[in-house]
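Student: got a predicted structure plus its sequence, pasted below:
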Amino acid sequence: MSADYLGKAVVEHLPELLVGFRTTVVLSILSMGLGLALGTVLAVLRLLPVAVVRVVARLVIEFFRNVPILIQFFFYYFGLPRIGISLSAFACGLLGLSLYSGVYIAEALRAGVLAVGHGQMETALASGLSRLQALRHVVLPQAVRIVIPPLTNLLVFTIKTSAVASAITVEEVMYVSEVVESATFRTFEVFTAAAVFYLLLTIPLGGASRWLERRLALRR
């Protein structure tokens with residue numbers, strides 16, 4: 001094999017790229033888990049019969065959903081230290097992705113709850129459950145089943161959005177690819193490898209989402 005061949009940069013820097021890939025996986029899973037917890041809370045608040053609480057929850061959702069994720073990352077990484085709060089790049093990436101995915105999850109769960117129908121809630125209330133108990137034990141379990149495919153799509157969305165965290169030096173696969181490319185100038189092969197790493201995650205998840213959607217449709 002010649003000293004210079006297509007893919008040389010990827011082969012020589014594969015260990016670093018694999019570490020970045022692992023960081024992308026960990027960052028995406030953790031942020032989706034935290035986002036699910038946050039989204040569940042926000043969805044419940046959006047459904048409470050207290051107007052002020054609903055409005056506040058809606059404002060939170062609209063704010064984080066409509067402010068670009070890059071601006072949010074910059075605020076956490078560069079802005080918070082100005083007021084004495086210093087977080088690592090990974091922590092800032094995790095915070096930003098968790099909030100960003102959480103508000104989308106909240107809207108997905110709320111749509112699922114509304115799809116369940118008011119009859120389920122009324123029946124649960126008539127049986128003596130409080131509104132919160134009815135949401136927790138009756139409505140939300142059914143809503144989660146409805147929104148499993150959209151939640152899978154949101155995980156794919158979170159994985160792809162994690163690439164933006166490279167802007168604040170989170171050492172995920174995109175950041176490592178940029179470092180390798182700047183050292184080798186092998187743009188085509190390095191970023192092709194980065195694309196393959198993302199496809200290894202997103203294509204199986206997309207397939208799983210479609211499979212779940214078909215399976216749940218048959219059960220209904």
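Tutor: Everything's here; your move.
Student: count of residues packed around residue 93?
Tutor: A count of neighbours around residue 93, defined by other Cβ atoms under 10 Å, yields 30. Where you see a C-beta, it was placed from the backbone N, CA and C, and this is true even at glycine.
Student: wait, isn't it in contact with residue 170?
Tutor: Yes. Counting by Cβ atoms under 8 Å, residue 93 touches residue 170, with 4.1 Å between them.
Student: shared neighbours, the two?
Tutor: Residues touching both residue 93 and residue 170 by Cβ atoms under 8 Å, 6 or more residues apart in numbering: 27, 162.
Student: okay, and for the chain, where does confidence drop off?
Tutor: 1-2, 216-220 (pLDDT under 70).
Student: residue boundaries of the strands in it?
Tutor: Using DSSP state E, no strands are found in the chain.
Student: residue nearest the centroid of it?
Tutor: residue 158 (3.3 Å; Cα atoms, centre = their mean).
Student: tell me who's in contact with that residue.
Tutor: 28, 31-32, 35, 97, 100-101.
Student: out of those, name the ones that lie in helices.
Tutor: 28, 31-32, 35, 97, 100-101 (DSSP state H).
Student: which among these end up buried?
Tutor: Among these, those buried by neighbour count (16 or more other Cβ atoms under 10 Å) are 28, 31-32, 35, 97, 100-101.
Student: max pairwise distance over these: which two?
Tutor: 28 and 100 (11.9 Å; Cβ to Cβ).
Student: mind jotting down where the helices sit in the protein?
Tutor: For the chain, the helices defined by DSSP H cover 8-12, 14-47, 51-66, 69-74, 89-116, 118-126, 131-134, 140-161, 173-184, 187-219.
Student: and the ones you listed: which comes nearest residue 81?
Tutor: Residue 81 sits nearest to helix 89-116 of all the helices of the chain, at 10.1 Å, using Cβ to Cβ.
Student: which elements pack onto that closest one?
Tutor: The contact analysis (3 or more Cβ pairs under 8 Å, 6 or more residues apart in numbering; DSSP states H and E) places helix 89-116 against helix 14-47, helix 51-66, helix 69-74, helix 140-161.
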